[in-house]
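Undergrad: here are the coordinates; sequence isn't available:
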């Protein structure tokens, strides 16, 4: 198994948290994701990656069909702010042990990669790409793949 890919134990933890509608007050993720949420109204929930600390990132669809990033940390769930000019489509796809999150967002014209760190998004677009760019993971050396 490679870092940044889903593991069954993380998926089980994610299912447990999502079914319970757990709420938190910040826990270990309060510096990056201040809004604690319950996911009772989510119409779809997808775990995409887990780090060695047990933090899981993924996304959920709200009742309007908009995708939002979510982080599960120590039994609490946190929504990530929508990425940059995302409109309403943010898809976190990877997390490393330093807590750096990567993924992609859609701004209605194209898909763009992002890095989310310390509460801030950074676009990671490939200058040679003509339209869409995606990030699916980040390793321990902070290299985005």
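TA: Received, thanks. Just so it is clear, the structure is predicted and the values come from calculations on it, not from any experiment. Numbering: from 1, shown residues only.
Undergrad: could you use CA atoms for every contact and neighbour count after this?
TA: Noted.
Undergrad: and stretch 91-101, how far apart are its ends?
TA: 10 Å (Cα to Cα, to the nearest Å).
Undergrad: use 359 as the first number for this chain going forward.
TA: Right, with 359 as the first residue, what we last looked at is stretch 449-459.
Undergrad: what residues sit buried inside that stretch?
TA: Across stretch 449-459, burial judged by 16 or more other Cα atoms under 10 Å covers 449, 450, 451, 452, 453, 454, 455, 457, 458, 459.
Undergrad: return the subset of those lying in strands.
TA: Per DSSP state E, strands hold the following members of the buried residues of stretch 449-459: 449, 450, 451, 452, 453, 459.
Undergrad: now, which of the residues you listed sits nearest residue 466?
TA: The shortest approach to residue 466 among those belongs to residue 449, at 14.0 Å (Cα to Cα).
Undergrad: so what pLDDT did that closest one get?
TA: Looking at residue 449, its pLDDT is 94.
Undergrad: swap in residue 364?
TA: Reported pLDDT for residue 364: 35.
Undergrad: which SS class is the residue lying closest to residue 469 once chain neighbours are set aside?
TA: Leaving aside its sequence neighbours, residue 469 sits nearest to residue 490 (Cα to Cα, 6 or more residues apart in numbering; 4.7 Å). With DSSP: H, G, I helix; E, B strand; the rest coil as the basis, residue 490 sits in coil.
Undergrad: distance of residue 490 from residue 454?
TA: For residue 490, the distance to residue 454 equals 23 Å [Cα to Cα].
Undergrad: and residue 493, by the same measure?
TA: Residue 493 is 13 Å from residue 454, by Cα to Cα.
Undergrad: ranges for the helices of this structure?
TA: 366-378 (DSSP state H).
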